[in-house]
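Visitor: Here's a sequence, model it:
(one chain, ligands or ions: 1)
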Amino acid sequence: MTKMVINPNRKLSRINREIYGHFSEHLGRCIYEGIYVGENSPIENVNGMRTDVVEALKEIRVPVLRWPGGCFADEYHWKDGIGPKESRKKIVNTHWGGVVEDNSFGTHEYFELCRQLGCRTYVNGNLGSGTVQEMSEWVEYMTFEGVSPMAELREKNGHKEPWKVDFFGVGNENWGCGGNMNPDFYANEYRRYQTYVRDYKADHHIQKICCGANVDDYEWTKEVLSTCFRHSIPAQHGFMDGLSLHYYVHPEGWEIKGSATDFDEKTWYRTLNKALFMEELICRHGRIMDEFDPEKKIGMIVDEWGTWFTCEPGTNPGFLYQQNTMRDALVAGITLNIFNRHSDRVKMANLAQIVNVLQAVILTEGDQMIRTPTYHVFDMYKYHQDASLVDSSVETEIIGEEEEWKVPNLTESVSEDADGTLHLTMTNLSLEESFDIDALIVDRSIREVKGEIVTDEMRAMNTFEDQDRVRVKKFDGAQITESGVKFTIPACSVLHLELR
Ligand code: AHR
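Guide: Purely as a prediction, here's the structure:
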C-alpha cells in the first residue's frame, strides 16, 4: 500500500487560473482553419470563429489566451491586421512555412475570440523588429478611451469601446528569434519599451511580461533581473509583473525530436523524465528570482511549454502539426501538477499551442474536430483554477528502463476550491504497474468521493476515424476510509478525485 497524506489545514498558495492558459500563434493551421474560418465559411462559425472549436474550448474553461506569437510576434506589425479585410496587407510568414499571411485575423478578431471564449487577454508585442512608437500606439489603440488618434482609428474600424488587455508581453524569445539580443541589451530595451505600455485606465493595470530564459539559461535570468532591478525606477510596481520561461520536451533532443506516435517504452520514460525537468527549471530560475524579489511579486510565466515532436509525415515542416497520445496526456498531467505545486511563483503558463500545433488540445481537419488526450487532462484539472493549493505528499518509487532516464512512479497535487471540495490529481507514470494508494486526510471526514480518469495504452490516441478512443471516463474505484480515501491507480493514467 502506498501512503499519501493530505493536510487541508495547510493552504500553501493560490493556483492562479492562468496556469491553465493557452497560446495561439499565426503558425500553420492554428489560427487559420483551426480557429478562424471567416464569416463566409461553410463551417459553422460566429463572426468567423469555428463554433465547434470555441464550444470545446469553453468546456475546459480556457482562462487566458496568448497571441499573436511566439516568433511571429516580433515580426508582426499590428496595423497590417486592422481595417477592411480586402485592403489588409498580405505578407509572408517567414518563420512558419513561408506561406502568405493575409492578416484577416488581427486585433479586432483576437478580442472577438477572447470574448467568445470568456477568457483574459495576453497580447505579445513586437520588440525585435518594431519601434517603441508602434508598441505604444498598439496599446493606445486597444485600451485608450477618449479622444486620441488611435482611439479614433479604432472607432473608425468599428469598435468604439476600448478592450481590456490583461497581460502584455514586451517581446518574445529576444535571446533568439526576437532579435538575437544578449541579456543586457534586451533588459535595457525592456526598460525603454515597457515605459510606453501605459495604463490608460486608472483602475486597470496591464501586467507586463518581460522576456525570460530559454530552458536552463540561468545567466539570462540573472542578467535581465540585475539590469531591470538594480538600476530601475524606485517604485517597482508596474515595471515588471512577470518574467517568462520557455521549455519544450523533445524526447530525442532538439535536432531529431522523435515521432509523436511511434515510440517505445524507453522513449516513454525518457519523455516523462524530460517533462519532470520542469520542476528543476522552476526551482533554479525561482531561486534567482528570489534574490531580487523575495516577496514573489513577480510571476514566473511559463508562456510556452509542451511536447515538440517531429511533425506528422506528409505535413509542412513549418506548420509543426503533430498527433497526441497518452504520452502527451502524462506530460500534461505531470507538468500541471508541478505548476500547481509551485503556484507561489508560477502565475501563468500557456500550453503550446491551442489548436493544430505542437501539443494541441484540439486537432481539426476540414469541418471535423477532435479533442486530444491532452484536452481531456485539461478538462479534469480545470477544477484547480483559482483554488488553494493544499499540502500533500505521496510515497514514490523510482521506475524506468534506462539508468539516466528514471522517473518517480507517481506525481500529484491537491487543491481546495471555494466550496471546500478537495481536488486530487495524480499521474501514474508506470507502463506496467498499478498502485494501491491509502490517502490520509488530516482533520476532514469525507462523505462523498467522485472520480474520473484518462487511461489507455501508451500510444493510444484519437483520430478522425476513431475520435473518442481516449477520453475522460468515470472512475468508481475510490472508497472512503476512516482516515480518508483509498484507491488503485491503473498503469499509464491520469486521475482526478473530487472529495467532499
Ligand atoms: O511554439 C513555437 C515556437 O517556439 C514559438 O514561436 C517560439 O516562441 C518558440 O521557439
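
Visitor: Show me where the stretch 1-150 of the chain has its strands.
Guide: Along the stretch 1-150 of the chain, counting by DSSP state E, counting those that start in this stretch, strands occupy 2-14, 21-23, 45-46, 49-50, 64-67, 91-93, 99-101, 120-125.

Visitor: What are the contacting residues of the first one?
Guide: Going back to what we said before, that points to strand 2-14. The contact list for strand 2-14 (CB atoms under 8 Å, 6 or more residues apart in numbering) reads 343-344, 386-395, 410, 412, 414, 416, 422, 424, 435-444, 484. (Each C-beta comes from the backbone N, C-alpha and C, glycine too.)

Visitor: Tell me which of the strands of the stretch 1-150 of the chain approaches residue 470 most closely.
Guide: When the strands of the stretch 1-150 of the chain are compared by CB to CB, strand 21-23 sits nearest residue 470, at 19.5 Å.

Visitor: who does that closest one pair up with?
Guide: Taking DSSP bridges as the criterion, strand 21-23 sits next to strand 64-67 (parallel), strand 346-352 (parallel) in its sheet.

Visitor: per-residue confidence at residue 202?
Guide: Note on residue 202: pLDDT of 89.

Visitor: one step back: can you redo the strands paired with strand 21-23 as JSON lines with mean neighbour count, mean pLDDT and distance to the ligand?
Guide: Below are the strands paired with strand 21-23 laid out as JSON lines (neighbours: other CB atoms under 10 Å; pLDDT from 0 to 100; distance: least, CB to the nearest ligand atom, whole Å):
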{"stretch": "strand 64-67", "mean neighbour count": "27", "mean pLDDT": "98", "distance to the ligand": "10"}
{"stretch": "strand 346-352", "mean neighbour count": "27", "mean pLDDT": "98", "distance to the ligand": "4"}
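
Visitor: Quick one: those strands as JSON lines, columns for distance to residue 314 too.
Guide: JSON lines is the format used below for these (distance: least, CB to CB, whole Å):
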{"stretch": "strand 64-67", "distance to residue 314": "28"}
{"stretch": "strand 346-352", "distance to residue 314": "22"}
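
Visitor: Which one, of the strands of the stretch 1-150 of the chain, ends up nearest to residue 497?
Guide: Residue 497 sits nearest to strand 2-14 of all these, at 10.3 Å, using CB to CB.

Visitor: relative to strand 346-352, how tilted is the host helix or strand of residue 245?
Guide: Assigned by DSSP states H and E, residue 245 belongs to strand 242-249. Using axes from the mean of the first three to the mean of the last three CA atoms, to 10 degrees, one finds that strand 242-249 and strand 346-352 are set 40 degrees apart in direction.

Visitor: Please put the alpha-carbon coordinates of strand 242-249 into PDB.
Guide: What follows is strand 242-249, C-alpha atoms only, in PDB (Å, rounded to 0.1, in the frame of the first residue of the first chain):
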ATOM      1  CA  GLY A 242       6.200  38.600 -14.900                       C
ATOM      2  CA  LEU A 243       9.300  37.000 -16.300                       C
ATOM      3  CA  SER A 244       8.700  34.300 -18.900                       C
ATOM      4  CA  LEU A 245      10.300  30.900 -19.200                       C
ATOM      5  CA  HIS A 246      10.100  28.600 -22.300                       C
ATOM      6  CA  TYR A 247      10.700  24.900 -22.100                       C
ATOM      7  CA  TYR A 248       9.700  22.200 -24.600                       C
ATOM      8  CA  VAL A 249      10.100  18.400 -24.300                       C
END
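
Visitor: Report the backbone C-alpha coordinates of the helix or strand that it is followed by in PDB.
Guide: Going down the chain from strand 242-249, the next helix or strand is helix 253-256, by DSSP H and E. Output of helix 253-256 as PDB, limited to C-alpha atoms (Å, rounded to 0.1, in the frame of the first residue of the first chain):
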ATOM      1  CA  GLY A 253      16.800  16.200 -28.400                       C
ATOM      2  CA  TRP A 254      16.200  19.300 -30.400                       C
ATOM      3  CA  GLU A 255      17.700  18.100 -33.700                       C
ATOM      4  CA  ILE A 256      15.900  14.700 -34.000                       C
END
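
Visitor: Smallest distance to the ligand belongs to which residue of the stretch 101-250 of the chain?
Guide: Nearest residue of the stretch 101-250 of the chain to the ligand: residue 173, at 4.6 Å (CB to the nearest ligand atom).

Visitor: quick one, what contacts that residue?
Guide: Residues counted as contacts of residue 173 (CB under 8 Å, 6+ apart) are 70, 71, 74, 211, 214, 246.

Visitor: if we go to 7 Å?
Guide: By CB atoms under 7 Å, 6 or more residues apart in numbering, the residues touching residue 173 are 71, 211, 214, 246.
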